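**Student:** need a structure here:
(chains A, B, C, D, E and F)
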Protein chains: 4
Amino acid sequence: MNKNDKQELMINAALEVFCEKGYANTRMADIATRAGVSYGLVYHYFESKEAFFDNIVERWWDTFYEILEAEKNSSKGFQQKLENIIQFFLDTYSHKFNLLSIFVTEVSRSSLYRTERGLARFRKAFALFDEIMSKGQESGYFRSDIAPHYLTYIFLGAIEAFISVMVLGKEELTKKREERTINSIISVFLCGARAREDDSGEDAGED
Amino acid sequence: MNKNDKQELMINAALEVFCEKGYANTRMADIATRAGVSYGLVYHYFESKEAFFDNIVERWWDTFYEILEAEKNSSKGFQQKLENIIQFFLDTYSHKFNLLSIFVTEVSRSSLYRTERGLARFRKAFALFDEIMSKGQESGYFRSDIAPHYLTYIFLGAIEAFISVMVLGKEELTKKREERTINSIISVFLCGARAREDDSGEDAGED
Amino acid sequence: MNKNDKQELMINAALEVFCEKGYANTRMADIATRAGVSYGLVYHYFESKEAFFDNIVERWWDTFYEILEAEKNSSKGFQQKLENIIQFFLDTYSHKFNLLSIFVTEVSRSSLYRTERGLARFRKAFALFDEIMSKGQESGYFRSDIAPHYLTYIFLGAIEAFISVMVLGKEELTKKREERTINSIISVFLCGARAREDDSGEDAGED
Amino acid sequence: MNKNDKQELMINAALEVFCEKGYANTRMADIATRAGVSYGLVYHYFESKEAFFDNIVERWWDTFYEILEAEKNSSKGFQQKLENIIQFFLDTYSHKFNLLSIFVTEVSRSSLYRTERGLARFRKAFALFDEIMSKGQESGYFRSDIAPHYLTYIFLGAIEAFISVMVLGKEELTKKREERTINSIISVFLCGARAREDDSGEDAGED
DNA sequence: CATGAATGAGGGTTCATTCAT
DNA sequence: CATGAATGAACCCTCATTCAT
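**Tutor:** As a prediction, the model looks like this:
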């Protein structure tokens, strides 16, 4: 078993334990035990508990930045971009539940995020998102009477609420539910929650 | 100084310290020192650190339930109800910043609330909100093709995002900003983020 | 309610609580609560927890000294003296269970009995007992080839074993059991546990 | 220094400190200091203060059970069995004074042993002893008109009284004193404290 | 690299005792 | 006398981190 294998083992163990018990209630010993490695070995790979946690969290942010960057630069329509971003969260929920759970329950709370570094991560994500929103406004797709970062708050806040509820309830995510989630967020975000004159219950079509 | 005064002193001290350092990094001694009382006295009034924190958190929930209950039963229009709820958060931000900050960074989504009791509090709030949304659908105000709790998620998620950003940035809340926040959330939630046919880009400055 | 009433209330409460929970696990607050008096009042009557306990224990010793003194000076036969002493323990078991229980489970163990004062109490009781045994030897009733304090140890040790078992088992003490206990101890102490030549399985207790 | 050495070091330190100060007045720090190890190491080997103490106490009981079992099964005469048991206590007094002292002052009759587990240990010892006494009765060696467990109480009570006095007085145990102790207990237990007809230190009828 | 024994600063909690009212 | 709020020294236990092997 080489270096990377062990490290991977520990990271997966950490994801599990941090997710189950939360950062504060997780002991380094728990991670070592779960990973099936010796106690002290954890410190060969990770500087400290905080650094370990940070390492994990950073992976989340990097993938998030990546998707945002990709969507920002993609030539797809704006609705598609937004759908893709929601889909990213749903995929993460399905395939990396622990990671997303940690993000939802620990990240904004962690003392890590009382640091300048933590805040910077949020800002970076928001900034990327703002660019998408701005472009959408410039292109005439989004209304321009709302500041782009306000649009960001509303859209991301909505996603986070859905994800939080799912995570806290450990709810199963079916294909059907995925669709409903995406459609609901997209439809309300784009067209609003008001009943329309001609409302007949149809879907929000666009692009 | 009577019993309630001392208790109030401690609660205010706790609000400050929990807000500044977070639950995990707050020592009971910090609270006692900040309150200007002796170490042991804290335990005269509060069973334990957790019970103390819970006591504080419960106050938040109770005021939240209260406003939700009030709006649910009020005969005002639905837009007004939603505006009042946002206003409640903004008022809390202005006048009870510490409390709201604790809610945002420690309670909402926190692993502290993986307990049945914590989840029950969320459920109760969501249930109250769902009733408002359902009524709005029944009355034809809100569109009916979206599940009422989905509307809840989107609306509350949006608010929470705004509040979180404000809290993390310790941003000052001017009257003007209050208005813009309310208008943005309400407007997007009700009418959507899409540019309208007759949209001419006016209104609501960015910044 | 006058001073002595309150004091009596507290002493009875203390007997109960010390007996139930042991010295170390008894809080002054427990005693006050049990006695139905206010927290601080205990300190008007008793210097400290240790002094309180000591006060209670002293009562035990004083009654014990009294009976020993009485039996020492009585003109009754030696067997009768011994029976009376056993009877004293059994009566105390019946009527002052808590007191005897505390003696059995706490006194020899207490840090109070690592003090010179505590040891002095034991010595005083042993000294009184030794006098009885010595007189019995002088009078030819007890064998003289065993040091009188050795006789004391054996006799008191036997009693204490019976009492300890009863206390730990919270066993009920019937009249019949009292008799059997007295007869057994007396009979074995006086005549030994060996089967006698003419042993035919008859009851314990000569005379 | 290997694992067992350290553990042994701590156990010996604990025996000393528990013996000197009693369970309640012993701090884990005392044990660590006495053993010359760091504070935290104690918890590396022992779950808790109580578990540590229990571990020590269990060793006592196990050696006691062992000797009782051995004597129960031995083919020696009953007097020899009883002598061996007394000898066991005296040997323990000489070579493991701390252990015996802890047993006498902290365990036997202690409220620590109000637990079912503690009582079970007593019962097991008594049961083993009862078997010896019963066999002695069946074989015609002991009188049969006394319940075997009553014989047990008297014999063990006598031993415990001797040991307690020795422990509390920290008395030195010479070979001569050992003999006298054994002879006294055995002689009185088997033959009684009454002066015999043919006693040459005799007489003076009484009663 | 790997192991797990060793360290020790902290922090929550208890509770005997004091004291103002 | 009575009350119970107030004090603060202990003390158990945890656990991140270090280090000898």
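**Student:** who does the longest helix anywhere in chain A touch, helix- and strand-wise?
**Tutor:** The longest helix of chain A (DSSP state H) is helix A:49-73. Counting contacts by 3 or more C-beta pairs under 8 Å, 6 or more residues apart in numbering or on different chains; DSSP states H and E, helix A:49-73 is packed against helix A:3-25, helix A:28-35, helix A:78-95, helix A:97-102, helix A:116-138. From N, CA and C alone the C-beta is placed, and that goes for glycine too.
**Student:** pick the most deeply packed of those.
**Tutor:** Most buried of these, by mean neighbour count (mean count of other C-beta atoms under 10 Å in any protein chain shown): helix A:97-102, with a mean of 21.
**Student:** averaged pLDDT, that helix. What do you get?
**Tutor:** On average, the pLDDT along helix A:97-102 is 94.
**Student:** how far does it sit from the chain's center?
**Tutor:** Here helix A:97-102 is found 9 Å from its chain centre; the criterion is C-alpha atoms, centre = their mean, to the nearest Å.
**Student:** next one: stretch A:26-35
**Tutor:** Centroid separation for stretch A:26-35 versus its chain: 25 Å, with C-alpha atoms, centre = their mean.
**Student:** the longest helix of chain A to helix A:78-95, inter-axis angle?
**Tutor:** 150 degrees (axes from the mean of the first three to the mean of the last three C-alpha atoms, to 10 degrees).
**Student:** buried ones in helix A:49-73?
**Tutor:** A:Lys49, A:Phe52, A:Phe53, A:Asp54, A:Ile56, A:Val57, A:Trp60, A:Trp61, A:Phe64, A:Ile67, A:Leu68, A:Glu71 (16 or more other C-beta atoms under 10 Å in any protein chain shown).
**Student:** do that helix and DNA strand E meet at all?
**Tutor:** No - shown here: helix A:49-73 not in contact with DNA strand E (C-beta under 7 Å from any atom of the strand), separated by at least 12.4 Å.
**Student:** so what touches that helix?
**Tutor:** A:11, A:14-15, A:18, A:23, A:26, A:28, A:31, A:42, A:46, A:81, A:84-85, A:88, A:92, A:99-100, A:102-103, A:106-107, A:110, A:112, A:121, A:124-125, A:128-129, A:131-132, A:135 (C-beta atoms under 8 Å, 6 or more residues apart in numbering or on different chains).
**Student:** how about a cut-off of 7 Å?
**Tutor:** With contacts defined as C-beta atoms under 7 Å, 6 or more residues apart in numbering or on different chains, helix A:49-73 is touched by A:11, A:14-15, A:18, A:23, A:28, A:46, A:81, A:84-85, A:88, A:99, A:102-103, A:107, A:112, A:121, A:124-125, A:128-129, A:131-132.
**Student:** repeat that for stretch A:91-111.
**Tutor:** With C-beta under 7 Å, 6+ apart, stretch A:91-111 has contacts from A:15-16, A:18-19, A:22-23, A:56-57, A:60, A:113, A:163-164, A:166-167, A:173, B:22, B:25, B:105-106, B:109-111, B:164.
**Student:** quickly list the domain ranges of chain A.
**Tutor:** What the record gives for chain A is the domain set A:1-46, A:50-191, from automatic domain parsing.
**Student:** can these go into JSON lines with extra columns for distance to D:Tyr150?
**Tutor:** Compiled in JSON lines, these are given as follows (distance: least, C-beta to C-beta, whole Å):
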{"stretch": "domain A:1-46", "distance to D:Tyr150": "53"}
{"stretch": "domain A:50-191", "distance to D:Tyr150": "63"}
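**Student:** circling back to that earlier point, out of the contacts of helix A:49-73, who's near DNA strand F?
**Tutor:** A:Met28.
**Student:** go through the host helix or strand of A:Val165 and flag the buried ones.
**Tutor:** Element membership of A:Val165 [criterion: DSSP states H and E] is helix A:148-169. Neighbour counts over helix A:148-169 (16+ other C-beta under 10 Å) mark A:148-168 as buried.
**Student:** ok, which of these also contact chain C?
**Tutor:** For chain C, no contacts are drawn from those by C-beta under 7 Å from any C-beta of the partner chain.
**Student:** OK, contacts around the residue nearest in space to the middle of chain A?
**Tutor:** Against the mean C-alpha coordinate of chain A, by C-alpha atoms, centre = their mean, the closest residue is A:Phe89 at 5.4 Å. Taking C-beta under 7 Å, 6+ apart, we find A:Phe89 in contact with A:Ile159, A:Ile163.
**Student:** from A:Gly40, how far off is the closest residue to chain C within chain A?
**Tutor:** Chain C sits closest to A:Asn25 of chain A, with a gap of 29.4 Å, by C-beta to the nearest C-beta. From A:Asn25 over to A:Gly40 the distance is 21 Å, taken as C-beta to C-beta, to the nearest Å.
**Student:** got it, and A:Leu68?
**Tutor:** 39 Å.
**Student:** so A:Lys76 sits in a helix?
**Tutor:** No - assigned with DSSP: H, G, I helix; E, B strand; the rest coil, A:Lys76 falls outside any helix and is coil.
**Student:** what sits closest to it if chain neighbours are left out?
**Tutor:** Excluding the flanking residues, the one nearest A:Lys76 by C-beta to C-beta, 6 or more residues apart in numbering or on different chains is A:Asn84, at 7.5 Å.
**Student:** pLDDT value on the one you found, please?
**Tutor:** pLDDT, A:Asn84: 98.
**Student:** same thing with the one 10 residues further on?
**Tutor:** Each residue has a pLDDT score; the one for A:Ser94 is 97.
**Student:** poorly predicted segments of chain A, please.
**Tutor:** The model of chain A has pLDDT under 70 over residues A:1-3, A:108-113, A:197-207.
**Student:** A:Cys19 - nearest residue in space that isn't next to it in sequence?
**Tutor:** Spatial nearest neighbour of A:Cys19, excluding adjacent residues (C-beta to C-beta, 6+ apart): A:Asn98 at 4.0 Å.
**Student:** got the CA coordinates for the helix or strand where A:Val188 lies in CSV?
**Tutor:** When elements are assigned from DSSP H and E, A:Val188 belongs to helix A:175-191. The C-alpha trace of helix A:175-191 is given here as CSV (Å, rounded to 0.1, in the frame of the first residue of the first chain):
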residue,chain,number,x,y,z
LYS,A,175,-34.4,10.6,-10.3
LYS,A,176,-37.9,11.9,-10.1
ARG,A,177,-37.2,14.0,-7.0
GLU,A,178,-34.1,15.4,-8.7
GLU,A,179,-36.2,16.6,-11.5
ARG,A,180,-38.8,18.1,-9.3
THR,A,181,-36.2,19.9,-7.3
ILE,A,182,-34.5,21.3,-10.3
ASN,A,183,-37.7,22.4,-11.9
SER,A,184,-39.0,24.0,-8.8
ILE,A,185,-36.0,26.0,-8.1
ILE,A,186,-35.5,27.0,-11.7
SER,A,187,-39.1,27.8,-12.3
VAL,A,188,-39.6,29.9,-9.2
PHE,A,189,-36.3,31.6,-9.5
LEU,A,190,-36.9,32.6,-13.1
CYS,A,191,-40.6,33.1,-13.1
